[in-house]
Every structure is written in structure tokens, then in C-alpha cells.
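S.K.: Sharing a sequence plus its predicted fold:
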Amino acid sequence: MPLISMPSSVLSEPTLIERARRGDVDAFSSLVEAHSGRVYRTLRGLSLEPDEAEEVAQEVFVRAWRGLRQFEGRAQLSTWLYRIAYNEAQRRLARRPSSAISPGYAPEEALRDVPDNPQGGPDARALDREFESILAQALRELPHERRVAVVLRDIEGLSTEEAASVVGIRQAAFKSRLHRGRMQLRELLEPYLDLA
């Protein structure tokens, strides 16, 4: 009786990782498909322009393919990919004069995956878009390190431990950046929100 091969799209992530480690390109393509959107949004959050973020995201997955055999699985694959993305973005940003670094983060990209509230109607969706624009502007005003902390923890949803690992700092230092970023963001958003 011949073995039936399951399509990569229905396999669990650990199975896909194991198959990709053995050279299964289809399994790796499924992993790329599952993680590429978040990697791209994170790169945008790390101050890369859209074209640049797309180019760096491709490099992230090239590096991941080359290094997958060394991936030990102690962290989630997404955390490992975020770490590669963070390092690649930092290399790219280091080559620019500081005046050329764009704050560039557009939370609309991250919030695009959030489903519309079906009960809200057109007025609610218009308010959501307006708030996304206000949030985007406020995030652009945060210093880079604080923005990175807020993006990784509050927008991408990494745990504090994962986000600190991605940035390569101790959790206490990450928590400090995150706290300061949140407080500054609160100040920037206060005129638009009833935070009393």
C-alpha cells in the first residue's frame, strides 16, 4: 500500500520545520507563507521603508533556510525569525546616516489583520481608520528603541521574554524601554482619548 503524502498546508509547524530541515522546499515555503506577513510588519516597525522591508524580509528567509539545521527549537520559530529580522534591520539602519532613518512604522499594516466589527457599520470603520492614522503618527514620534519595544510586545504580541531575546537585552532593560514607550505613547494619544 503506497504512503499518502499530506500537503504541507495541513501539517503542524514542528513537522514542517523537521521536513524543511531535511530539505523539503514545499515545507519551508509553507513556513514562509505562515510568517512572512508578520516579519514584514515587524521590519516596517523597525523603521524600514516598504521596499526595503520587502527586500530585508527576503533576506531573513534566505538566512533562515541556510540556518534551519542549527535551529534548536528552544524558542518558537517566530521568535527566531524576529531575531534574524531585527539583526538584519539593524545592519541596514547602521549603514544609513541617522538623519535618513525614517520612523516609517505604519500600524495600519499590523491592524489590517484585525477583523472589522460587523456591528460597527461604516461610521465605526471610519473611526477605526482615523484612530489607526493617529496611532501611526504617535508611534512615529517614539524614539527607535521604545518604538521597537512597543511594536514587538503590544502590536506583534510577543511575550516580554521573547521580545527581549529578539532585541538581545535583559528582560529588565526591555521592560524599562516598553514602559517608557507606553507612557510616551499614552501622552501622545491623550488628546484623542478619554484616559481619565
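M.R.: Looks like it arrived, so ask away.
S.K.: okay but E52 is in contact with R92, surely?
M.R.: Yes. Contact criterion C-beta atoms under 8 Å: E52 and R92 qualify, at 6.7 Å. For glycine as for every other residue, the C-beta is placed from the backbone atoms N, C-alpha and C.
S.K.: how many other residues sit next to L11?
M.R.: As a burial measure, L11 scores 17 neighbours (other C-beta atoms under 10 Å).
S.K.: Where do the helices of the chain begin and end?
M.R.: 13-21, 25-45, 50-67, 77-94, 107-111, 121-141, 144-150, 160-167, 171-189 (DSSP state H).
S.K.: Packed most tightly, which of the ones you listed would that be?
M.R.: helix 144-150 (a mean of 22; mean count of other C-beta atoms under 10 Å).
S.K.: For this structure, give me the ranges with low pLDDT.
M.R.: 1-10, 97-128, 194-196 (pLDDT under 70).
S.K.: Break it down into its domains, please.
M.R.: Here the domain parsing of the chain from automatic domain parsing is 10-103, 106-196.
S.K.: how close does the most centrally placed residue in the chain get to R170?
M.R.: Nearest to the mean C-alpha position of the chain, by C-alpha atoms, centre = their mean, lies T42 at 2.8 Å. According to C-beta to C-beta, to the nearest Å, T42 stands 21 Å off from R170.
S.K.: With E18 instead?
M.R.: Taking C-beta to C-beta, one finds E18 at 32 Å from R170.
S.K.: Report the separation between the residue nearest to E13 when sequence neighbours are not counted and R19.
M.R.: Spatial nearest neighbour of E13, chain neighbours left out: L77 (6.3 Å); criterion: C-beta to C-beta, 6 or more residues apart in numbering. Per C-beta to C-beta, L77 is found 13 Å from R19.
S.K.: these two touch, right, the residue nearest to the centre of the chain and V151?
M.R.: Yes. Taking C-beta under 8 Å as the definition, T42 is a contact partner of V151 at 6.7 Å.
S.K.: what about R153, neighbour count?
M.R.: 21.
S.K.: Confirm for me that it is in contact with K175.
M.R.: No. The criterion here is C-beta under 8 Å, and R153 misses it with K175 at 9.3 Å.
S.K.: residues shared between the contacts of the two?
M.R.: T160 (C-beta atoms under 8 Å, 6 or more residues apart in numbering).
S.K.: To what extent is the closest residue in space to A89 that isn't next to it in sequence buried, counted in neighbours?
M.R.: Leaving aside its chain neighbours, A89 sits nearest to L46 (4.0 Å; criterion: C-beta to C-beta, 6+ apart). L46: 24 surrounding residues under other C-beta under 10 Å.
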